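Enquirer: Got a predicted structure here, sequence first:
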Amino acid sequence: MFQHRELGLIQAYQIGVTLVMTVLFWGYYLVLDNLIPGYSLTGFSNYFQYYLAITLGFQLSFLSSRQYDIFSVTSGIMESHRFIWPHMVFAGAITVLFAFLKHDGGISRLFLFTCIPLAYVALVVINRYFALDFLRKFLHRPDQKLLLIGQPEELPKIESLLSKAKLFGLETAGMLTEADAGDLPWGIKKLGGPEDLGPVLDAFDIGNLFIVGSPRDRRWLSGWMRLAEAHGCRVSLVNDLDVFLQRQLSFFRCDGIDLIEIRDEPLQNAINRMAKRFFDVCVCLPVVVFLLPPLIVLVWILQQLQAPGPLFFKQKRSGLSNQPFTIFKFRTMYADRCDSSLQATVGDSRIFPAGRWLRKFSLDEFPQFLNVLDGQMSVVGPRPHMPEHDELFKESMSSYRIRAFVKPGLSGLAQIRGFRGEAMTKDDIIKRVECDIEYIETWSLPLDVRVIWRTLLEMLRPPKSAY
């Protein structure tokens, strides 16, 4: 019920926006063409193309935003502005790009560059004062009664949903609960206990029952639903399985079967993995071809002057699915003191002077672009640890192994949030792993770009944890 009412409001809003932009565009066209002396617009079909560019640009931005938060715009003019602004900017950019590609000299620049700001102002005002109230009254029969049943401690979680229910034409009649009336939030009356469901449905002409939280005995649910449907009442339930399991869940349907996954993983999509790999290669190749060769020469000279020995430091690390691989770094320690099992510490005597400079500015990590090119690593991802450290760290957090769901990276969310360098405490490990799991669940190419940008800034201004 809520899903389809919300979808109906969204679709009606899209139709309304199209109508508003249509009236505004062609009304403004007629005003300039007919009412301003000495000013004429020619080529109706040409202007029609720009009308489509503006309108479709707005709708594409709206559909791709995935927020559809049209319900916030009635709370203030700034909220309306924040909602409309990115969509109008996108529509304007599409329109300007279209004009540039056409090399169109026949369209009025005055019209084009004033029509879009006018549309922005009109939509902000209409959203703020008219849109949702009009749509709600037009689409839904007002004052349908909504009855809550369950535990009052669950109500803060659905506060925004209850506010949205008013836009759907639903009025909260009260709540049935075993708790005391004083435990309920202000504005919600206790109408009795769960056993009073039948009489309350009759007395208040309830049209919608909203079950909040699971009852002590889940068998009550089927009884409540049968009783509600016998009274011609719609039933909605708050899914609290994520609370029970204490983690975010992902719901979807496959081959007619409803499935629940413990976490969302965008990189399980093969197209996303291909996009990430293509992005890695595009970032990696210029570094390997142009930056790495002169850096190799510089580091080799510094090593020969201060700490002769091999150019690279090679070490076994855990990669995708915990498979071991050999990672490459510029050697920054004296050749006879490179104990790979020990983490570097502040003031570590094993590091030669130029090596401290290389580590501070993360230049010692550049050979790992070879690992990226080879497909063992990604530019962005959880930092790879040594297998023996994995065995040690997994004791600190049960979900530690989740970080191996994706390829390790040169940098990641943990690093740009300050969790880099030596992991000295259990809390250090937990914070890093939480960042890694967040990356796995929220991956996107824009996120990778943001991590790379922040990493470049940290290379120029190294944090205290860089040693």
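Expert: That came in fine, so what should we check first?
Enquirer: Tell me where the stretch 251-400 of the chain is predicted with low confidence.
Expert: 255, 339-345 (pLDDT under 70).
Enquirer: Now do the strands in it.
Expert: 257-261, 312-318, 324-330, 378-380 (DSSP state E, counting those that start in this stretch).
Enquirer: and the shortest one, what other elements does it pack with?
Expert: It stands for strand 378-380. Contacts defined by 3 or more C-beta pairs under 8 Å, 6 or more residues apart in numbering; DSSP states H and E place strand 378-380 against helix 270-286, strand 409-411, helix 445-460. For the C-beta atoms, the positions are set from N, CA and C on the backbone; glycine is no exception.
Enquirer: Make a markdown table from these and add mean neighbour count to it.
Expert: Shown next, in a markdown table, are the helices and strands packed on strand 378-380 (neighbours: other C-beta atoms under 10 Å):
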| stretch | mean neighbour count |
| --- | --- |
| helix 270-286 | 14 |
| strand 409-411 | 25 |
| helix 445-460 | 15 |
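Enquirer: Next, format these as JSON lines and append distance to Phe366.
Expert: Putting the helices and strands packed on strand 378-380 into JSON lines (distance: least, C-beta to C-beta, whole Å) gives the following:
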{"stretch": "helix 270-286", "distance to Phe366": "11"}
{"stretch": "strand 409-411", "distance to Phe366": "9"}
{"stretch": "helix 445-460", "distance to Phe366": "10"}
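Enquirer: okay, now the domains of this protein?
Expert: Per the record, the chain has its domains at 2-139, 144-246, 270-460, by automatic domain parsing.
Enquirer: of all these, which lies closest to Asp264?
Expert: Of all the domains of the chain, domain 270-460 sits nearest to Asp264, with 5.2 Å by C-beta to C-beta.
Enquirer: now do the same end-to-end measure for that closest one.
Expert: 35 Å (C-alpha to C-alpha, to the nearest Å).
Enquirer: From the chain's centroid, how far away is that domain?
Expert: Offset of domain 270-460 from its chain centre (C-alpha atoms, centre = their mean, to the nearest Å): 25 Å.
Enquirer: can you check stretch 100-116 too?
Expert: 35 Å.
Enquirer: and if you look at stretch 159-179?
Expert: That offset, for stretch 159-179, works out to 28 Å (C-alpha atoms, centre = their mean).
Enquirer: Show me what counts as buried in that stretch.
Expert: Across stretch 159-179, burial judged by 16 or more other C-beta atoms under 10 Å covers 162, 164-165, 167-170, 172-177.
Enquirer: hey, C-alpha coordinates of it in PDB?
Expert: Taking C-alpha atoms only, stretch 159-179 is exported to PDB below (Å, rounded to 0.1, in the frame of the first residue of the first chain):
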ATOM      1  CA  GLU A 159       8.500   8.800  12.600                       C
ATOM      2  CA  SER A 160       9.300  10.000   9.100                       C
ATOM      3  CA  LEU A 161       7.100   7.300   7.600                       C
ATOM      4  CA  LEU A 162       4.100   8.400   9.700                       C
ATOM      5  CA  SER A 163       4.700  12.000   8.600                       C
ATOM      6  CA  LYS A 164       4.800  10.800   5.000                       C
ATOM      7  CA  ALA A 165       1.500   8.900   5.600                       C
ATOM      8  CA  LYS A 166      -0.300  12.200   6.000                       C
ATOM      9  CA  LEU A 167       0.700  13.000   2.400                       C
ATOM     10  CA  PHE A 168      -0.900   9.800   1.400                       C
ATOM     11  CA  GLY A 169      -4.200  10.900   3.000                       C
ATOM     12  CA  LEU A 170      -3.800   8.700   6.100                       C
ATOM     13  CA  GLU A 171      -4.600   9.900   9.600                       C
ATOM     14  CA  THR A 172      -3.200   8.100  12.600                       C
ATOM     15  CA  ALA A 173      -6.200   7.100  14.900                       C
ATOM     16  CA  GLY A 174      -4.100   5.700  17.700                       C
ATOM     17  CA  MET A 175      -2.200   2.700  18.900                       C
ATOM     18  CA  LEU A 176      -2.900  -0.700  20.400                       C
ATOM     19  CA  THR A 177      -0.100  -1.700  22.800                       C
ATOM     20  CA  GLU A 178       0.500  -3.500  26.100                       C
ATOM     21  CA  ALA A 179       2.600  -0.500  27.200                       C
END
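Enquirer: and it, what's its mean pLDDT?
Expert: Mean pLDDT, stretch 159-179: 79.
Enquirer: if we can go back for a sec, among the domains of the chain, which comes closest to Ile260?
Expert: Proximity to Ile260 (C-beta to C-beta) singles out domain 144-246 among those, at 7.1 Å.
Enquirer: and Ile257, which of the domains of the chain is closest to it?
Expert: Ranked by C-beta to C-beta, the member of the domains of the chain that lies closest to Ile257 is domain 144-246, at 16.4 Å.
Enquirer: Centre of the chain to the closest one, how far?
Expert: On C-alpha atoms, centre = their mean, the centre of domain 144-246 falls 31 Å from that of its chain.
Enquirer: got it, and stretch 9-18?
Expert: How far stretch 9-18 lies from its chain's middle: 24 Å, per C-alpha atoms, centre = their mean.
Enquirer: All further residue positions should be reported with the first residue as 11.
Expert: From this message on, residue numbering opens at 11, which makes the last subject stretch 19-28.
Enquirer: Counting neighbours, which bits of that stretch end up buried?
Expert: For stretch 19-28, by 16+ other C-beta under 10 Å, it's Leu19, Ile20, Ala22, Tyr23, Gln24, Gly26, Val27.
Enquirer: Repeat that for stretch 236-246.
Expert: Applying 16+ other C-beta under 10 Å to stretch 236-246 flags Ala238, Cys243, Val245 as buried.
Enquirer: Could you export these as CSV, including distance to Cys294?
Expert: Below are the buried residues of stretch 236-246 laid out as CSV (distance: C-beta to C-beta, whole Å):
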residue, distance to Cys294
Ala238, 59
Cys243, 60
Val245, 54
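Enquirer: So which of these sit within strands?
Expert: Among the buried residues of stretch 236-246, the members falling in strands are Val245 (criterion: DSSP state E).
Enquirer: Could you report the neighbour count for Tyr342?
Expert: Residue 342: Thr, not Tyr. The tally of other residues near Thr342 (other C-beta atoms under 10 Å) stands at 25.
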